[in-house]
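Novice: predicted model and sequence below, questions to follow.
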Amino acid sequence: MDSDKKKPLPEKFPSFNDNQPDHHDLDIDKDCNTTDPPLSETSVEVEEAQPDNAETNNKEEEDQINTEIEDSSFPETPDFSQVSAEIDQFISILSNLKSDEFELPEIPEFVEQFALLVEAKIANYDSTDPPLKWSQVTEEESTTFLEAVNRIFKLSTSLCAFSSESKYDSSINRVGGILQRAMSYLEEEFRSLLEDYKLPNSDHNNDSKMKQSSSSLSNQDSDQCALPEKSDSTTENNFPGYSEEVVSNLNKLVITMMVGGYETECRQVYFISRRNALEESLHELGFEKHSIDDVQKMNWESLEREIVSWIKTFKQCSSMQFTGERKLAEAVFSGYESVSETLFSNLSRGVMIQLLNFAEAVAMTKRAAEKLFKFLDIYEALRDIIPVMDELFPADCSEKLKAEASLTRSRLGEAMVCIFCELENSIKSDTGKTPVPGGAVHPLTRYIMNYLKYACEYKDTLEQVFREHQKIERADSASRSNYDYNSQSQNINNPSEKQSPLESQITKVMDLLDTNLDSKSKLYKDTSLSLIFMMNNGRYILQKIKGSTEINSLLGDPWCRKRSSELRQYHKSYQRETWGKLLSCLTHEGLNVHGKVVKPVLKERFKSFNAMFDEIHKSQSTWVVSDEQLQSELRVSISAVVIPAYRSFMARFSQYLTPGRQSEKYIKYQPEDIETYVDELFDGNATPTGKKKP
């Protein structure tokens with residue numbers, strides 16, 4: 001045998017046409033003769049004699065004979081399972097031909113039959129208007145279709161292995177075209193299933209908005225709002241927006257597309273669909289994508305609302321969204337771990353970078369005291385997620401995101417230290433020359449104490465901020481000359497221990513406030529009023545500290561006792577400055593000369609007392625002591641000093657005045673009247689003496 005000539009297929013390879021008669025081998029005339037007798041000459045003559053009908057009848061007979069021949073020569077439309085089995089056998093044969101030793105078989109007819117059947121199935125699904133959805137197909141039908149697509153791919157692969165054989169070109173193109181059409185259909189169905197999702201926890205978000213809008217909802221109402229969430233199948237299986245059945249179908253499509261060489265298209269469709277879904281989910285939570293410039297241009301009210309939405313979105317993503325997204329990718333791409341991990345990494349990283357960019361843009365905005373609390377909220381959210389990032393994201397993705405989150409957190413920390421420095425500067429720069437009317441609590445005092453009260457609700461976080469970020473920021477601070485304050489200050493509770501960074505900071509703010517208030521007290525021309533001012537502000541500060549467990553724990557009881565002692569000293573100074581002068585009118589000195597009361601001096605004493613008391617009542621009834629306890633303490637202490645002294649003076653010397661007109665002229669007040677007028681002091685309402693308030 002010639003060495004260049006290929007061997008015929010061995011007997012183990014069957015002839016693909018054994019069971020299918022070749023129409024070229026059929027002797028139609030012979031088969032017709034065995035069925036019908038030969039035509040006689042008479043018949044021919046009849047045909048010639050009847051030219052009009054003979055030709056038509058002959059034609060009908062010929063068509064009938066041909067139909068009978070075709071029916072007897074070719075089988076009916078082949079069964080799909082039978083053709084599929086023959087295709088599997090043919091693929092097996094081609095895969096075993098690994099050398100050029102054997103002559104390649106011809107393409108059997110059932111290849112074309114299989115191509116037509118698969119093409120018909122694709123057309124049945126894809127050509128309807130609208131196209132038949134994958135969810136409308138029975139499990140048996142979908143399984144059969146996917147198996148057919150897999151056979152088409154295997155057949156295409158087997159034929160392409162012999163692409164150098166020109167006799168296979170037509171079949172390669174034919175099968176390849178069907179495969180491409182099948183994959184295009186599966187790609188569209190894959191996209192359609194992915195895009196048909198329900199936003200996770202959308203009901204829960206709506207319920208939360210309803211709860212926030214009305215504080216009067218009962219517990220029963222709240223429970224009713226929560227019920228739909230518990231019965232939601234998407235919540236139970238942790239897939240964001242898909243039922244288990246849909247996820248199973250997605251996985252089947254993925255396997256077929258990946259095996260069929262459409263991995264790139266499959267991954268791209270999944271990534272784009274889920275990226276859009278995640279963006280919609282963020283939007284539903286209230287978070288909008290903003291550039292750094294957009295954030296810088298926002299007024300604080302608008303930015304504050306955006307931060308609230310950011311925090312809600314960030315926590316939702318950290319606690320639920322990323323976990324669900326990872327489980328979805330793992331389920332859809334089950335069996336393709338590296339693919340699911342890569343897709344989840346890219347999706348989650350895109351969302352996290354978007355969220356981190358917003359937080360970083362916020363940290364870059366102009367520093368202002370009112371921003372501290374929202375900065376703290378963002379800081380805590382970042383701080384809490386960094387330790388669990390290794391559990392949320394794949395290793396390579398986690399490291400990068402942790403670095404980004406840590407950097408953003410540091411920038412926020414430095415910004416907050418700077419904000420506290422601005423708080424110090426705001427106290428120093430508040431040098432208004434207009435005293436507060438009535439010696440009331442200064443707005444600066446209210447602002448600083450309320451600010452510290454709310455800030456210290458973040459006590460642990462602020463301790464961390466000052467411990468980790470203070471030195472970095474203080475180097476450039478306007479008040480860096482005071483940086484050693486922390487190291488030089490010692491805890492008043494225990495002089496042997498240094499203060500914590502936050503304790504040192506709060507103490508410094510309080511000292512600055514004290515200095516500022518002392519300066520403002522000097523704006524009052526009336527010393528007594530300046531003392532009332534210091535008492536009002538001191539009592540307000542003390543009450544705020546005692547009312548805040550966090551500040552109280554920072555400053556400690558000794559600090560509060562020291563402040564209380566200062567308040568008592570202000571009180572004593574006020575008593576001496578105001579009522580000491582009044583009591584000097586009631587002294588006995590100078591009234592007795594040689595054992596006799598000097599009436600002119602006595603009359604002058606009563607006149608001075610009346611005039612001075614009138615003046616005190618007139619002015620100090622307009623003064624303001626808003627703290628009821630302090631107001632009561634002042635009134636009680638005044639009455640306790642003045643009324644007994646006045647009553648004693650009257651009992652001793654009123655008899656020396658002539659009863660009637662003279663006594664009425666000089667004794668203007670009775671002890672009971674003094675008590676009444678003292679009770680009118682410090683309420684900010686001037687009432688002329690001698691007239692009862694309605």
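Specialist: Right, received. Where do you want to start? Numbering: from 1, shown residues only.
Novice: tell me which element the residue lying closest to Leu462 once chain neighbours are set aside falls in.
Specialist: Nearest residue to Leu462, sequence neighbours excluded (Cβ to Cβ, 6 or more residues apart in numbering): Leu502, at 5.0 Å. From N, CA and C alone the C-beta is placed, and that goes for glycine too. Using DSSP states H and E, Leu502 sits within helix 501-521.
Novice: chain center to that helix: distance?
Specialist: 37 Å (Cα atoms, centre = their mean, to the nearest Å).
Novice: buried ones in that helix?
Specialist: For helix 501-521, the neighbour count (16 or more other Cβ atoms under 10 Å) marks 501-510, 512-514, 516-517, 520-521 as buried.
Novice: about what we covered before: gap between the residue nearest to Leu462 and Glu414?
Specialist: 16 Å (Cβ to Cβ, to the nearest Å).
Novice: on that earlier part again, run through who's touching the helix holding Leu502.
Specialist: With contacts defined as Cβ atoms under 8 Å, 6 or more residues apart in numbering, helix 501-521 is touched by 420, 423-424, 427-428, 430-432, 435-436, 442, 444-445, 448, 452, 456, 459, 462-463, 466-467, 470, 482, 485-486, 489, 491, 499, 530-531, 533-534, 537, 541, 551, 554-555, 559.
Novice: tell me if I'm right that Ile451 and Phe373 touch.
Specialist: Rather than Ile, residue 451 is Tyr. No. Assessed by Cβ atoms under 8 Å, Tyr451 is found out of contact with Phe373, at 9.2 Å.
Novice: strands of the chain, residue ranges please.
Specialist: With DSSP state E as the criterion, the chain has strands at 592-593, 596-597.
Novice: just name the most buried of the ones you listed.
Specialist: Of the strands of the chain, the one with the most neighbours on average (mean count of other Cβ atoms under 10 Å) is strand 596-597, at a mean of 12.
Novice: that one pairs with which strands?
Specialist: strand 592-593 (antiparallel) (DSSP bridges).
Novice: contacting residues around Phe358?
Specialist: 287, 290, 295, 306, 310.
Novice: okay, those in a markdown table with distance to Ser156 next?
Specialist: Formatted as a markdown table, the contacts of Phe358 follow (distance: Cβ to Cβ, whole Å):
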| residue | distance to Ser156 |
| --- | --- |
| Phe287 | 46 |
| His290 | 49 |
| Val295 | 53 |
| Glu306 | 53 |
| Trp310 | 51 |
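Novice: nearest to Phe190, of those residues?
Specialist: Nearest to Phe190 among these is Phe287, at 28.2 Å by Cβ to Cβ.
Novice: how close does the closest one sit to Ser184?
Specialist: Distance, Phe287 to Ser184, using Cβ to Cβ: 36 Å.
Novice: and these two? Which one has more around it.
Specialist: Shown here are Phe287 and Ser184; by other Cβ atoms under 10 Å, Phe287 has more neighbours (24 against 14).
Novice: ok, that one touching Trp310?
Specialist: Yes. The criterion here is Cβ under 8 Å, and Phe287 meets it with Trp310 at 5.7 Å.
Novice: and the contacts of helix 501-521, which are buried?
Specialist: By 16+ other Cβ under 10 Å, the contacts of helix 501-521 give 420, 423-424, 427, 430, 435-436, 442, 444-445, 448, 452, 456, 459, 462-463, 466, 470, 485-486, 489, 491, 499, 530-531, 533-534, 537, 541, 551, 554-555, 559 as buried.
Novice: okay, and which of these map to helices?
Specialist: Among the buried ones among the contacts of helix 501-521, DSSP state H puts 420, 423-424, 427, 444-445, 448, 452, 459, 462-463, 466, 470, 485-486, 530-531, 533-534, 537, 541, 551, 554-555, 559 in helices.
Novice: for Thr527, the count of nearby residues, please.
Specialist: 14.
Novice: do the same with Ser334
Specialist: 15.
Novice: chain neighbours aside, what residue packs nearest to it?
Specialist: Closest residue in space to Ser334, ignoring its immediate chain neighbours: Asn251 at 5.4 Å, by Cβ to Cβ, 6+ apart.
Novice: how about Tyr270?
Specialist: Residue nearest to Tyr270 in three dimensions, not counting chain neighbours: Leu343, with 6.0 Å by Cβ to Cβ, 6+ apart.
Novice: going by distance to Ile616, which of the contacts of Phe358 wins?
Specialist: Nearest to Ile616, judged by Cβ to Cβ, of these is Glu306 at 55.7 Å.
Novice: the closest one touches Glu288, doesn't it?
Specialist: Yes. Counting by Cβ under 8 Å, Glu288 is a contact partner of Glu306 at 7.2 Å.
Novice: and the contacts of Phe358, which is closest to Glu244?
Specialist: Closest approach between the contacts of Phe358 and Glu244, by Cβ to Cβ: Phe287, at 28.9 Å.
Novice: now the closest one: phi and psi?
Specialist: Dihedral angles of Phe287 (phi, psi; degrees, to the nearest 10) stand at phi -90, psi 130.
Novice: can you give me the separation between it and Gly241?
Specialist: 18 Å.
Novice: low pLDDT regions in the stretch 1-150 of the chain?
Specialist: 1-78, 89, 98-103, 106, 113, 125-137 (pLDDT under 70).
Novice: for the stretch 401-550 of the chain, same thing?
Specialist: 471-497.
Novice: hmm, 80 instead?
Specialist: 470-499 (pLDDT under 80).
Novice: leaving aside the residues adjacent along the chain, what's closest to Phe145?
Specialist: Spatial nearest neighbour of Phe145, excluding adjacent residues (Cβ to Cβ, 6+ apart): Lys121 at 5.7 Å.
Novice: just to check, that neighbour is in contact with Val149?
Specialist: No. Using Cβ under 8 Å, Lys121 is not in contact with Val149, being 9.1 Å away.
Novice: more neighbours: which of those two?
Specialist: Val149 (24 against 18).
Novice: which residues touch that one?
Specialist: So Val149 contacts 118, 179, 182-183, 186, 256, 260 (Cβ under 8 Å, 6+ apart).
Novice: residues near Ser338, how many?
Specialist: 9.
Novice: please disregard the earlier target; I meant Asp390.
Specialist: Around Asp390 there are 12 residues (other Cβ under 10 Å).
Novice: for Asp627, which non-adjacent residue is closest in space?
Specialist: Arg539 (4.9 Å).
Novice: go on, Met183?
Specialist: Nearest to Met183 is Tyr262, by Cβ to Cβ, 6+ apart, at 4.9 Å.
Novice: I'd like to know how far that neighbour sits from Thr256.
Specialist: 8 Å.
Novice: identify the contacts common to the two.
Specialist: In contact with both Tyr262 and Thr256: Leu186, using Cβ under 8 Å, 6+ apart.
Novice: before we move on, the earlier item: Glu306 and Glu288 - which one has more neighbours?
Specialist: Comparing Glu306 with Glu288 by neighbour count (other Cβ under 10 Å), the higher total belongs to Glu306, at 19 against 12.
Novice: identify the residues contacting that one.
Specialist: 287-288, 290, 295, 298, 358.
Novice: how near is it to Pro394?
Specialist: 30 Å.
Novice: same check on Ile255?
Specialist: Counting by Cβ to Cβ - Ile255 and Pro394 are separated by 22 Å.
Novice: kindly report the same for Val436.
Specialist: If you go by Cβ to Cβ, the gap between Val436 and Pro394 works out to 61 Å.
Novice: likewise Gln499?
Specialist: Counting by Cβ to Cβ, the gap from Gln499 to Pro394 is 44 Å.
Novice: equivalent analysis for Glu147, please.
Specialist: Counting by Cβ to Cβ - Glu147 and Pro394 are separated by 33 Å.
Novice: ok, those two, which is more surrounded?
Specialist: Pro394 (17 against 12).
Novice: sounds good, over and out.
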